[in-house]
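Participant: what shape does this take:
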Amino acid sequence: MTVQGKTVLVTGGTSGIGEAIARAYAANGADVVITGRSEERGQRIADSLTKDGARVRFIRADLADFDDVQRLAKEVDHVDVLVNNAGVFPFGPTDQVDSDSFDSTYAVNVKAPLFLTGAFAPRMAANGGGAIVNVSTMVASFGLPGMALYGSTKAALELLTKTWAAEYGPEGVRVNAIAPGPTRTPGTEPMGDELDQLATTLPLGRPATPEEIAAAALFLGSDEASYVNGAVVPVDGGRTAV
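Facilitator: All right, here's what the predicted structure looks like:
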């Protein structure tokens, strides 16, 4: 994929899908900035990729904290590709959602991408164009018990994706999203066997690996996707087909 020399910011790039996306871009010649809450883990990942010859920088940022969001937007000057990956995914019945978890989930999954896009998209346009890739989920498109809070944030992100595609597309900034299905990551480990049970409902019948999701995110940020704008790409093992 043609991302050589591009500067890519991957939020939540210190584990799971975000780490796999960062590694995919770095392996294809991009300069990568990753964010996360853990200084130790983030620096370890950045160091490991740097040893492989990539240029990777870690910036500690908690995207539930709006001050950190604003600081990140100022600290990273130039970005060609923004990957809004950082997310929290509390599962559980609606009647057990409390105000704090509602606020923090919407802060990370909706507010942070909105303000980061608002900061970086105009800069991309001024530099001749760019790409934004939002990481959604298959449960943004259909109802699943226990997913009301999480799914609703990602449904909002998918609507924002289409709005930003219309808003910034004329200025040369493409905005797309990927909608992963069940993926085996450290973050989904607490689901245990439920992850495999969910995957049995898919035509492919298994969970994804983070690398399979990252491949789609890499494509959407590359020059090969130059005519793709406003799309939500399912990477869900065929769930949209049934």
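Participant: for the protein, which strand is longest?
Facilitator: Longest strand in the chain by number of residues (criterion: DSSP state E): strand 173-180.
Participant: how many residues are close by D95?
Facilitator: Neighbourhood size, D95 [other CB atoms under 10 Å]: 6. (Each C-beta comes from the backbone N, C-alpha and C, glycine too.)
Participant: packing partners of the host helix or strand of R123?
Facilitator: In this assignment (DSSP states H and E), R123 forms part of helix 112-126. Judged by 3 or more CB pairs under 8 Å, 6 or more residues apart in numbering; DSSP states H and E, helix 112-126 is in contact with helix 66-75, strand 81-84, strand 130-135, helix 148-168, strand 173-180.
Participant: model confidence score at the nearest residue to T240 once chain neighbours are set aside, please.
Facilitator: Nearest non-adjacent residue to T240, counting by CB to CB, 6 or more residues apart in numbering: P234, 4.6 Å away. Model confidence at P234, given as pLDDT, is 97.
Participant: what comes into contact with the helix or strand harbouring P234?
Facilitator: Counting by DSSP H and E, the element that carries P234 is strand 232-235. Strand 232-235 is contacted from outside by 136, 138, 158, 161-162, 176-181, 208, 212-213, 216, 220, 240, using CB atoms under 8 Å, 6 or more residues apart in numbering.
Participant: 7 Å instead, please
Facilitator: For strand 232-235, contacts defined as CB atoms under 7 Å, 6 or more residues apart in numbering pick out 136, 138, 158, 161, 176-181, 208, 212-213, 216, 220, 240.
Participant: which residue in those residues has the weakest pLDDT?
Facilitator: Minimum confidence in the contacts of strand 232-235 sits at T240, scoring 85.
Participant: pick the one among the contacts of strand 232-235 closest to Q96.
Facilitator: M138 (22.5 Å; CB to CB).
Participant: what are the phi and psi angles of the residue nearest to the closest one when sequence neighbours are not counted?
Facilitator: Using CB to CB, 6+ apart and skipping the chain neighbours, the partner closest in space to M138 is D236 (4.3 Å). Note on D236: backbone dihedrals following degrees, to the nearest 10 are phi -130, psi 20.
Participant: for L9, same thing?
Facilitator: Per degrees, to the nearest 10, the backbone of L9 is at phi -100, psi 120.
Participant: please name the bridge partners of it.
Facilitator: V33, L82 (DSSP bridges).
Participant: for the strand holding P234, which strands pair with it and how are they oriented?
Facilitator: Short version: by DSSP bridges, strand 232-235 pairs with strand 173-180 (parallel).
Participant: any idea of the mean pLDDT for the next helix or strand after the strand it pairs with?
Facilitator: For strand 173-180, the succeeding helix or strand toward the C-terminus, using DSSP H and E, is helix 193-199. Across helix 193-199, pLDDT averages out at 75.
Participant: helix 193-199: how far from the chain's middle?
Facilitator: 22 Å (CA atoms, centre = their mean, to the nearest Å).
Participant: make 687 the first number, not 1, from now on.
Facilitator: OK, 687 is where the count begins now, so the last one is helix 879-885.
Participant: give me the residues contacting the helix or strand following that helix.
Facilitator: Next helix or strand after helix 879-885 toward the C-terminus (DSSP H and E): helix 896-907. With CB under 7 Å, 6+ apart as the test, helix 896-907 has contacts from 687, 689, 694, 702-703, 705-707, 710-711, 714, 767, 769, 817, 819, 862, 864, 866, 869, 871, 911, 914, 919, 921.
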